[in-house]
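Participant: can't give you the sequence, but here's the structure:
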């Protein structure tokens, strides 16, 4: 495993946000949702594609807080311009479980 410096870690902006909107993403190559996340007043609402359909329905995602990388360059995913990366962990089958705080925190809070 490559080691990184503290300065390398500080470059990655991991912030918490609340999912405010979820739509199906039928144009995606793998099953996915279009997801909008409120990352607080300073960052605003950003959108992303998330391959999380196995463990989550659209209804269970609404108002869920998630950890996002907010300083990657935007990426075109089919017709969607993804602005953030919603983080998660693969289970034993490769299906993603979201990385979430265990208590409510303010939108935009930075992971330390």
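Facilitator: Thanks, I have it. If you're wondering where the values come from, they're calculated on a predicted model, not measured in any experiment.
Participant: what does stretch 29-43 rub up against?
Facilitator: Contacts to stretch 29-43, defined as C-beta atoms under 8 Å, 6 or more residues apart in numbering, come from residues 15-25, 44-54, 56, 58, 61, 66, 68, 70, 78, 80, 84, 86, 106-109. C-betas here are computed from N, CA, C, even on glycine.
Participant: how about a cut-off of 7 Å?
Facilitator: Stretch 29-43 has contacts (C-beta atoms under 7 Å, 6 or more residues apart in numbering) with 15, 17-25, 45-53, 58, 61, 66, 68, 70, 80, 84, 86, 106-108.
Participant: Filter those down to the buried ones.
Facilitator: Buried residues within these, defined by neighbour count using 16 or more other C-beta atoms under 10 Å: 15, 17-19, 22, 25, 46-53, 61, 66, 68, 70, 80, 84, 86, 107-108.
Participant: any idea how far residue 8 lies from residue 86?
Facilitator: 21 Å (C-beta to C-beta, to the nearest Å).
Participant: Residue 7 now?
Facilitator: Counting by C-beta to C-beta, the gap from residue 7 to residue 86 is 25 Å.
Participant: How about residue 31?
Facilitator: 15 Å.
Participant: did I read that right, residue 22 in a strand?
Facilitator: Yes: checked against DSSP: H, G, I helix; E, B strand; the rest coil, residue 22 lies within a strand.
Participant: Pairing partners for it in the sheet, please.
Facilitator: In this structure, residue 22 bridges to residue 35 when assessed by DSSP bridges.
Participant: hang on, it packs against residue 63?
Facilitator: No: with contact defined as C-beta atoms under 7 Å, residue 22 does not reach residue 63; the gap is 10.4 Å.
Participant: Give me the most central residue, this structure.
Facilitator: Centroid check for the chain by C-alpha atoms, centre = their mean gives residue 86 as the closest residue, at 1.4 Å.
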